[in-house]
Each structure stands twice: as C-alpha cells, then as structure tokens.
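**Student:** Quick one: sequence and predicted model below, then my questions.
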Amino acid sequence: MLQRLLPLLVKLREKFPPAYNFLVRVAKRFLGGTFGVYPRPLANEVEAVTAVLRSSQWNMAYGAGLVHERLEAEFAEAVGARHAIAVASGGVALQMSLRALGLKPGHEAIHQVDTCAATAMAVMNAGVTPIFADISDRTFMLDGSDLRNRIGSETRALIATHMWGNPENISELRTLARERGLKLIEDACLGLGAVVDGRPAGCWGDVGVFSFGCVKPIQTGEGGMIVTDDESLARELRSLRHWGDRTIEFGVRDATQLAWNGRMSEILAAVAREQLRGYPKHLNELRDAVGEFQRTLDGFPGLSLVMGTAKTTSDCALTQVVLRVDESLLGLGKASLMSELKRNGIANGHGNFELINSLSFFKSDGWRDWILRGDIDRVGKNNGGSFPVAERVFAHDGLGLGKSNFLSAGNRKHLQSVLRSLTKGRAA
C-alpha cells in the first residue's frame with residue numbers, strides 16, 4: 001500500500017500543499033504507527049503535562065521537589081553521570097558549558113566542519129572562536145590527525161560530536177585533550193543512548209550536552225541537558241541558567257559573569273521525563289529494525305552502513321541512519337539517488353551537514369564583525385580553508401535516511417522495494 005500511497009503524497013505536496021498538510025495531520029493523529037511518525041508519545045506525556053498545568057508551578061526558578069529536579073536525577077542516572085542540569089536548549093547548553101569551563105573571548109574551540117551550524121553559532125554566542133577540522137573517511141567524524149594540526153596557542157576546548165547518534169572516537173579525543181590541557185565537550189545532542197566502549201555517550205568529557213529539540217532522540221519541542229561529574233561545575237551551570245544569579249546555589253544574590261536565561265519550563269520537563277521513560281524500548285526497536293536493514297545491504301552493492309566507531313547498531317542511537325555511497329559500484333550518483341528516494345516518499349538527506357565555512361556568514365567574512373580577539377588571520381585562513389574529506393562526503397559519499405523509514409514494517413518494506421528497483425541491473 002505504501003509503495004503506491006507515498007509517491008502520490010509527494011505529488012500532492014508539490015501541487016496542493018494545503019490538502020497535503022491536512023492529510024499529514026490526520027495521518028499523524030490516527031495512523032502514526034503505520035507511517036512511522038516521530039516524535040510521538042513514548043509514555044504518559046499528556047497526563048504529566050496536565051499535572052503540571054493543574055499545579056501552580058510552571059517555572060523552574062522557585063520551589064523544591066519540582067519536575068525538572070526529578071528529570072535531572074533520572075537523566076543523570078540514564079547516562080552514567082553524577083549531575084544533570086536541565087536547560088532551555090542544546091545550543092544554550094553548549095554556550096553555558098564553554099562559559100562555565102572558563103573560556104573567554106579570543107579562546108578557540110575546535111569541532112568538525114560539517115556538524116550542524118548551530119554548533120559554531122553557539123560557540124560564537126559564548127564569545128569563543130570556532131575552529132573547524134576535517135573528518136575521517138571511516139567514521140564521518142573528527143579526523144585525529146587533522147585535529148592535532150588545528151590546535152593553536154589559543155585553543156582551549158575540543159567539541160566532539162556524536163553525529164546522528166553514531167559514537168565518536170571519544171577515548172582518543174579524551175586522551176588528546178588531557179595531553180594538551182584542553183577541555184573536552186561532548187556534543188551528544190543527537191546521541192542519547194549511544195555507547196562508547198561500554199559507557200554511554202555524554203559521560204566521557206568535562207561536560208556532555210544533549211538536546212530535546214527537532215529531530216533529536218527524545219523531543220519536547222525545545223529543551224536540553226548538561227551532564228558532568230564535577231559538582232562545583234554543576235553548581236556554576238545551575239547559576240548560569242538563571243542569568244548568573246547565585247542565590248539558589250550559593251546563598252548570595254550576586255552575579256559573577258555574563259549569563260543567560262537558560263531555564264527549562266516545568267511543562268517541558270514533564271514531557272522529557274516521560275520521553276526518557278519510554279525511550280529504551282523505542283531505541284531497542286529502532287536498533288533491531290536498522291540491524292535487519294543492515295543485513296539486507298549485501299543485496300545493494302555500493303551502499304553500506306556508517307556507524308562511527310561502533311561495530312554494531314546496538315551501540316548507536318540512530319537518530320538518522322547514515323549510509324556510505326560508492327557511486328561507481330552503485331551505478332548511480334548520490335544526487336540522483338536522493339532525488340529518486342524523495343520522489344518515492346522516502347525521507348533522506350546528506351550523511352552530514354553542509355560545511356559550515358561554506359555558509360554565507362563565513363564565506364562573506366560576516367564573522368569578522370563578531371570575532372574581535374585572538375589570531376584573526378589564523379581564523380580567516382581556517383574559515384577559507386579546504387576540508388577535502390568533508391567536501392567529498394557531502395557531495396558524493398554520505399547519505400542519511402530519516403529514522404521514520406525504520407519505525408514501521410510498511411516503511412521498511414517500502415524502503416527496500418524502492419532501493420531494489422533503483423539498483424536492479426545497475427551494479428557491475
């Protein structure tokens with residue numbers, strides 16, 4: 001049924017957007033399981049939100065025994081950290097972490113060039129300078145050799161991103177950070193549930209940051225979390241999310257540094273608690289589905305699964321399922337493959353994001369209005385530099401399949417049917 005229905009919906013979206021949007025709303029409401037809709041309730045989200053709305057406490061700023069405090073305790077336990085700090089978004093989590101770790105204007109934080117542009121924007125909004133590094137052809141994440149060459153006199157932090165929920169080589173990066181006296185921030189916004197060498201992603205660095213926003217493993221509309229084992233750092237972070245006011249954590253009404261409103265509402269905290277409660281079951285089902293898909297890839301020469309440093313899907317969060325495309329072996333270019341998948345109603349995108357330095361803000365030197373300290377010539381050279389592996393992955397090698405393709409049996413069958421029709425007779 002989906003083989004016929006999804007292409008028709010694509011045509012309807014192009015010709016009659018209002019009708020398409022109406023049908024999508026109906027499908028999400030009544031046929032979510034059939035179409036693999038996500039986000040969706042994983043536990044008792046509606047009841048939890050109702051309980052908050054019927055209370056007199058919608059804000060986290062005052063009171064005790066609040067929903068966000070219970071969420072923090074449960075989240076810390078889930079990822080194996082001592083402390084968790086609920087915040088307004090993953091981007092705010094990254095900004096607060098940089099500030100709390102002592103980075104100041106002129107200091108640099110290195111991250112891969114093809115992660116989400118939000119990373120670089122958050123770094124800059126914390127007053128810090130982003131420095132880009134190329135990626136590994138094997139993992140589609142930071143290349144250790146290139147990273148080492150990017151470290152300069154003002155480098156103070158490494159940001160390791162578990163892209164699309166695949167585990168980064170965090171053990172190697174932690175060793176490098178310790179050797180060079182650098183802070184290590186784990187960007188686990190897409191990686192809740194990923195496992196590295198038997199330990200959850202997010203608990204390896206000085207801090208780990210998570211997001212509950214769009215396309216994230218658990219979703220509340222917005223919101224995020226910071227985790228750390230450092231008690232004094234946790235107290236500083238809780239202060240920073242209240243415009244830096246130190247009353248709650250330190251017993252004195254004072255502010256010692258520039259800060260934000262980084263608070264999460266009790267309403268979002270209620271949703272996050274229930275999402276977290278239902279997430280293990282959801283993740284196990286997703287891993288099983290992608291593992292089954294992986295076994296069928298032998299029938300599609302030119303396509304293979306990319307899982308970062310993981311050996312099996314059981315260590316991945318699979319927020320998007322990343323494929324390596326060998327265009328010559330497949331007999332089909334990546335751009336054509338993406339177009340055909342889209343035409344058949346299969347959610348897909350690039351394996352990684354467009355290179356951040358290719359965005360107009362960086363290409364046109366807009367960044368110079370905001371980066372005012374440090375080695376500006378070095379920053380300009382980095383922003384205008386070449387990152388050959390990331391460029392090739394974006395143009396040719398990396399394909400991402402939205403996880404909705406794996407959240408229903410019909411979607412999985414449709415995906416395999418379309419791939420079979422596209423690759424039949426093409427392989428040499």
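**Tutor:** That came through fine. Numbers count the residues shown, from 1 in each chain.
**Student:** all strands for the chain, in order.
**Tutor:** Using DSSP state E, the strands found in the chain span residues 83-87, 108-112, 129-133, 155-161, 183-187, 195-196, 199-200, 207-211, 224-228, 303-306, 320-325, 348-350, 398-402.
**Student:** Could you single out the most deeply buried of these?
**Tutor:** A comparison of these by mean neighbour count, using mean count of other Cβ atoms under 10 Å, puts strand 207-211 on top with a mean of 31. Using the backbone N, CA and C atoms, a C-beta is placed for each residue, glycine as well.
**Student:** Would you mind giving the orientation angle of that one with respect to strand 183-187?
**Tutor:** Per axes from the mean of the first three to the mean of the last three Cα atoms, to 10 degrees, the angle that strand 207-211 makes with strand 183-187 is 20 degrees.
**Student:** Which other helices and strands does strand 207-211 contact?
**Tutor:** Packing partners of strand 207-211 (3 or more Cβ pairs under 8 Å, 6 or more residues apart in numbering; DSSP states H and E): helix 67-79, helix 90-100, strand 183-187, strand 224-228.
**Student:** From the chain's centroid, how far away is the third one?
**Tutor:** Its chain's C-alpha centre lies 14 Å from the corresponding centre of strand 183-187 when counted by Cα atoms, centre = their mean, to the nearest Å.
**Student:** What lies in contact with that strand?
**Tutor:** Residues outside strand 183-187 that contact it (Cβ atoms under 8 Å, 6 or more residues apart in numbering): 90, 94, 97-98, 101-103, 109, 111, 115, 119, 156-162, 168, 170, 173-174, 177, 201-209.
**Student:** ok, Arg235 - how many residues close by?
**Tutor:** Using other Cβ atoms under 10 Å, Arg235 has 17 other residues around it.
**Student:** Distance of it relative to Asp369?
**Tutor:** 35 Å (Cβ to Cβ, to the nearest Å).
**Student:** and if you look at Ala201?
**Tutor:** Between Ala201 and Asp369 the distance is 35 Å, computed by Cβ to Cβ.
**Student:** Kindly reformat the strands of the chain as TSV containing distance to Ser360 and mean pLDDT.
**Tutor:** Shown next, in TSV, are those (distance: least, Cβ to Cβ, whole Å; pLDDT from 0 to 100):
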stretch	distance to Ser360	mean pLDDT
strand 83-87	29	98
strand 108-112	20	98
strand 129-133	16	98
strand 155-161	22	98
strand 183-187	24	98
strand 195-196	35	96
strand 199-200	37	96
strand 207-211	25	98
strand 224-228	27	98
strand 303-306	29	98
strand 320-325	25	98
strand 348-350	18	97
strand 398-402	22	98
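**Student:** Indicate which one of those is closest to Arg420.
**Tutor:** In terms of Cβ to Cβ, the element of the strands of the chain nearest to Arg420 is strand 303-306, at 11.4 Å.
**Student:** Counting by contacts, list what that closest one packs against.
**Tutor:** Here strand 303-306 touches strand 320-325, going by 3+ Cβ pairs under 8 Å, 6+ apart.
**Student:** Spell out, range by range, the helices that occur in the stretch 1-150 of the chain.
**Tutor:** For the stretch 1-150 of the chain, helices defined by DSSP state H, counting those that start in this stretch occupy the ranges 2-15, 17-30, 32-35, 45-53, 67-79, 90-100, 117-125, 144-150.
**Student:** again with the stretch 201-350 of the chain
**Tutor:** Going by DSSP H, counting those that start in this stretch, the stretch 201-350 of the chain shows helices at 231-240, 247-250, 266-296, 327-330, 334-343.
**Student:** can you put these in a markdown table and add distance to Val123 and mean pLDDT?
**Tutor:** As requested, these are arranged in a markdown table below (distance: least, Cβ to Cβ, whole Å; pLDDT from 0 to 100):
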| stretch | distance to Val123 | mean pLDDT |
| --- | --- | --- |
| helix 231-240 | 16 | 97 |
| helix 247-250 | 25 | 90 |
| helix 266-296 | 24 | 97 |
| helix 327-330 | 34 | 95 |
| helix 334-343 | 30 | 96 |
